[in-house]
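Colleague: Predicted model and sequence below, questions to follow.
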Number of protein chains: 2
Amino acid sequence: MSCEELNKNIKMARQNGIVQPLLTDLYQITMAYAYWKAGKVNDVAVFDLFFRTNPFQGEFTIFAGLEECLKFLVNFHYSESDIEYLMQTLPENIEPEFYGYLKDLTCKDIKLSAIEEGSVVFPRVPLLRVEGPLIVAQLLETTLLTLVNFASLMATNAARYRMVAGKNVSLLEFGLRRAQGPDGGLSASKYAYIGGFDGTSNVLAGKMFNIPVKGTHAHSFVTSFSNLNDIQSVTIRHMDTQDPCNLLELATEWRKRVSAIIDISPDEASDGELAALLSYALAFPTGFLALVDTYDVKRYNFQGLPSRHRQHNMNGHSGYNSNCGTNGTTVLNSPSIHNTYGYSTVERTLRSGLLNFCAVALALNDCGYRAVGIRIDSGDLAYLSVLARETFENIAEVLKLPWFAKLTIVASNDINEETILSLNEQGHKIDCFGIGTHLVTCQRQPALGCVYKLVEINGHPRIKLSQDVGKVTIPGHKQAYRLFGADGHALIDLLQRSSEPAPEVGQKVLCRHPFQESKRAYVSPSKVEHLYKVYWRDGKVTTMPKPLSEVRERVQSTLKTLRQDIKRNLNPTPYKVAVSDDLYNFIHDLWLQNAPIGELS
Amino acid sequence: MSCEELNKNIKMARQNGIVQPLLTDLYQITMAYAYWKAGKVNDVAVFDLFFRTNPFQGEFTIFAGLEECLKFLVNFHYSESDIEYLMQTLPENIEPEFYGYLKDLTCKDIKLSAIEEGSVVFPRVPLLRVEGPLIVAQLLETTLLTLVNFASLMATNAARYRMVAGKNVSLLEFGLRRAQGPDGGLSASKYAYIGGFDGTSNVLAGKMFNIPVKGTHAHSFVTSFSNLNDIQSVTIRHMDTQDPCNLLELATEWRKRVSAIIDISPDEASDGELAALLSYALAFPTGFLALVDTYDVKRYNFQGLPSRHRQHNMNGHSGYNSNCGTNGTTVLNSPSIHNTYGYSTVERTLRSGLLNFCAVALALNDCGYRAVGIRIDSGDLAYLSVLARETFENIAEVLKLPWFAKLTIVASNDINEETILSLNEQGHKIDCFGIGTHLVTCQRQPALGCVYKLVEINGHPRIKLSQDVGKVTIPGHKQAYRLFGADGHALIDLLQRSSEPAPEVGQKVLCRHPFQESKRAYVSPSKVEHLYKVYWRDGKVTTMPKPLSEVRERVQSTLKTLRQDIKRNLNPTPYKVAVSDDLYNFIHDLWLQNAPIGELS
């Protein structure tokens, strides 16, 4: 898509529906009126949008949301009904000319500079710089913050999951049902993909953003089948020969054979589950991935039994034994499922599901189809994945079917960063994680604290002082550069006054901590990246935002430029953000001009 | 609005934009195809939507989101482009007739029963019961969960804030910029209002849902003014006489007089701030509410100063004194602001702002307008509110202006439930809280865990067993009743099989813990409330959802029926949810049929 196309017509349903000038705090509009009334229509301002602390106790952040910001600028317009609503809502004595002013307001005089979407970014370095009429720039504040805050938080969260999971594991976002509203879910899907996820379960996100969508079936699908009579048609055509095959007969036969190979009695497996898996395989012979833990036992114990049932086991012996099946999560009308105390609890979890899956997978194989794999949604995921992998490898060897050893193992169930780290330590055999609640709500830190601060008005710099140095703003119109070392790693981000010449490759530049006098270093960069591009000027998109797939690649490529100790999960090293000597003096001269001098009394 | 109107046309921009059948997990659609392929088109199912644990370590939840669910059912329809997308996305071998089936699918055969929106609800008691074709009911799962989960979580969160804040304090939702995306912000505004907030800063929420919107100005408004020359026109017409008044002259005069009354030197106050407040008052003479902490000192200390500045104060003496102004958060071009160590830090916070506010408020008073009040956005809110209130009372007494003592004090700044409890203990004088991040992201628990479980299929009950009793589902088609005691308090929620007669007033009914045999009680209710109404049947809305304002009232009226110990913040008593003796036996007979019997070996 060209800039022109984007300028002409960016009509995402969501965009038009919600992201509009009224999606703002009322005080932006009351301030606009007060400015207008005070004759400040021609005042020009510079605002910086930045954050002060990286989220999730980490030392990096991924910048996202820029494309949405541009769409907002493109579409910025108060509709007739917006104006009517404001007239009803604001006090009666507002001068009517103000509404005329609002009605004609666009972002044509705004200039938006930004860091490229998908870049790794750091505290204090503005992500966006908004220049233009004070009133208009002020009116953009809340919406820009809303669009950048959650997008960047989500992308960062996803990137962190990707880092702990490693490159060779697939990550799927499964969080729609627990997201903060419908659009919370859509944003989560989009920015999880940008941050490094491989797909989502959210179909609308797939349609809107062209993200791969994934999903198979739920426990309820399995429990809706009671027995093998529940399948009406059991015939499938062989993939190559197109001959009809009776999948039920094949699977029943395979269940007997496999049970011998993997030492599980066929009586242990639920027929309702087999019926469900067969039905699923009949519908998706080329995409057979089955949930295998519906009929499980897990930490089964007396405490877990309802009191009425305890009497059956009140003697307190351990070492029960029976050759009957698994239980725990079970279902009515499945009398073939019985408890056993002969296996370790985690092992029992998969006995029914794994046997039934293998039976159906091998039946499919007879018909020319290769099964995809299994999903585990409960229990000890590390152990169960190892058990499943061993089972697959065992069958692969006995039956001389090498691909069977490589079947995909998907794990889901309340997974977060720590879970993955722990699973890694335990040597899991999982190929794919499905991650929901923790990812999409960013449970560990549900908001990023981006702020939007006035740094210059009518050419005069503004500094916000605070006894909390972290809250002092860096005044004036600035440029930002990322300086790289000879090994390709990013060394430091450097803020300069816009009037200064850019740092040059091989030229020594003094980088100073913005507030600590003695912290400074000379840097001779091997590469200098100018962080800002102008994305919007004169009412037009001037730099085309990258498509989602490229933004996604940029996340990984810019993360690669960070040293490992900055990215690590535990006690990461802070990345350095510095100011030039000139900017340092500018800040501190302004500060001194404004800071108090006490008097001894 | 009548049911017919709602049925005909529910076209919220948001609704049409996002809440549509594709806003779901892909596995719902793959399951639908597998069911369809297995000949289960005419299977009928009953699903319960419920949660297992109250959020926020509390013992109650507010049910919300029902109206959105109904709109979803009304509009449920796969568009041409949806079908096209699914054809591209699902495997090639899907039978084309399935897409024809999807294309014609509506919710006409679905029956939706629900608890009234805004009701206080409890774990295990289904909020929604969905009956109808298995495939359709399954396809609704994710979207219904998405719509109920966050809505109920937000409404509950808001209701908790309302409880700790008490009835006499206003609560405003200020969270848009930190919300989880644009719609996360809109949902937050809507459900915060339902839960007991009085308004929002979110203008679009105001427009869409008819919620009062509130807001005045930000710190940036204050810092954009440097001195009194920044105001172009200082004239305002007297409210009654319409005579022109010079508000600047009046305010300057009042600043001198007030400074004597409240013992603050007029030199301490920033002229830039006075210019900003005057501008705001000139724009909003009837709604003058001013942010007064832009120029503050707060915990000012050497550590807080940049190292370069420490030398000026390196002698380490305390007891500095000067008659010059405040600092901390200050701004360029405000040379009148100086530090002082003569006052307690918290007191210094408001010296500039409070003096300027009072000056402008009294100037407005001369012109026939009454100021509204102040907002404090930093510092020790309890102490500052007391200080401000004393100042107002002092001026009221000296100037014989009783209304001045009652000026509104708004507080904002990262407020959560605990902050309010602590402020209450300290005897704050705040009239209104503005609450953002913690409210809208539900920071304490960002997701409610509603689930959607199959409880009956083709007339056969389904029970999901689990070693974790909390995860066992209560099978079959059920009714729910709330039984009230003679004093009007809710005693217990009782689930019964739908075939049982409803409990009657004055008739003893045996209520049993669903899983603990010995826990049971006879209850003779003074009032019985049937919790379910049918909201949707035969493709029509059959019970009109209540308008927002009534839902909001219902929250407070149903909360009133809960005993205080169930609602308290610390260690609340769990509310009882019981099953009838009949349902108890039904559950446990099913359980026994399916649970294993071990064998001693």
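Modeller: That came through fine. Predicted model, so just to flag it, every value in this text is computed and none were measured. Numbering: from 1, shown residues only, chains lettered A, B, ... in the order given.
Colleague: So, low pLDDT: which residues of chain A?
Modeller: Under the criterion pLDDT under 70, the flagged ranges of chain A are A:1-17, A:296-349, A:467, A:595-601.
Colleague: which residues in the stretch 301-450 of chain A form strands?
Modeller: Secondary structure of the stretch 301-450 of chain A (DSSP state E, counting those that start in this stretch): strands at A:373-376, A:408-411, A:432-435.
Colleague: how about those in a markdown table, adding mean neighbour count?
Modeller: In short, each C-beta sits where N, CA and C put it, glycine included. Below are those laid out as a markdown table (neighbours: other C-beta atoms under 10 Å in any protein chain shown):
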| stretch | mean neighbour count |
| --- | --- |
| strand A:373-376 | 25 |
| strand A:408-411 | 22 |
| strand A:432-435 | 24 |
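Colleague: So which of these is nearest A:L86?
Modeller: Smallest distance to A:L86 across the strands of the stretch 301-450 of chain A (C-beta to C-beta): 42.0 Å, for strand A:432-435.
Colleague: Whether that closest one contacts chain B - can you check?
Modeller: No - using C-beta under 8 Å from any C-beta of the partner chain, we find that strand A:432-435 stays clear of chain B, coming within 10.0 Å at best.
Colleague: swap in stretch A:222-242?
Modeller: Yes - using C-beta under 8 Å from any C-beta, stretch A:222-242 comes into contact with chain B via A:T223, A:S224, A:S226, A:D230, A:I231, A:Q232, A:S233.
Colleague: now, which of these sits nearest B:R257?
Modeller: The closest of these, once distances to B:R257 are taken by C-beta to C-beta, is A:T223, at 78.4 Å.
Colleague: quick revisit: next step: the residues of stretch A:222-242 next to chain B restricted to helices.
Modeller: A:T223 (DSSP state H).
Colleague: Of the residues of stretch A:222-242 next to chain B, which is the nearest to chain B?
Modeller: For those, the minimum distance to chain B (C-beta to the nearest C-beta) is 3.6 Å, reached by A:Q232.
Colleague: looking at it, the closest one is touching B:A38, isn't it?
Modeller: Yes - between A:Q232 and B:A38 there is a contact under C-beta atoms under 8 Å: 6.2 Å.
Colleague: hmm, back to that, ok, of the residues of stretch A:222-242 next to chain B, which come out buried?
Modeller: Neighbour counting with 16 or more other C-beta atoms under 10 Å in any protein chain shown marks A:T223, A:S224, A:S226, A:D230, A:I231 as buried within the residues of stretch A:222-242 next to chain B.
Colleague: Could you check stretch A:273-287 and say which residues are buried?
Modeller: Buried residues in stretch A:273-287 (16+ other C-beta under 10 Å): A:273-285, A:287.
Colleague: ok, and which of those residues reach chain B?
Modeller: Near chain B, by the rule C-beta under 8 Å from any C-beta, you find A:S279, A:Y280, A:L282, A:A283, A:F284, A:P285, A:G287 out of the buried residues of stretch A:273-287.
Colleague: Throw these into JSON lines and include secondary structure and distance to B:K471, thanks.
Modeller: Shown next, in JSON lines, are these (DSSP: H, G, I helix; E, B strand; the rest coil; distance: C-beta to C-beta, whole Å):
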{"residue": "A:S279", "secondary structure": "helix", "distance to B:K471": "25"}
{"residue": "A:Y280", "secondary structure": "helix", "distance to B:K471": "24"}
{"residue": "A:L282", "secondary structure": "helix", "distance to B:K471": "30"}
{"residue": "A:A283", "secondary structure": "helix", "distance to B:K471": "28"}
{"residue": "A:F284", "secondary structure": "coil", "distance to B:K471": "28"}
{"residue": "A:P285", "secondary structure": "coil", "distance to B:K471": "33"}
{"residue": "A:G287", "secondary structure": "coil", "distance to B:K471": "29"}
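Colleague: Dump these into CSV; add distance to A:G118 as well.
Modeller: Shown next, in CSV, are these (distance: C-beta to C-beta, whole Å):
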residue, distance to A:G118
A:S279, 42
A:Y280, 37
A:L282, 42
A:A283, 38
A:F284, 34
A:P285, 38
A:G287, 31
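Colleague: Relative to A:N585, which of those is nearest.
Modeller: Minimum distance to A:N585 across those is 64.0 Å, recorded for A:G287 (C-beta to C-beta).
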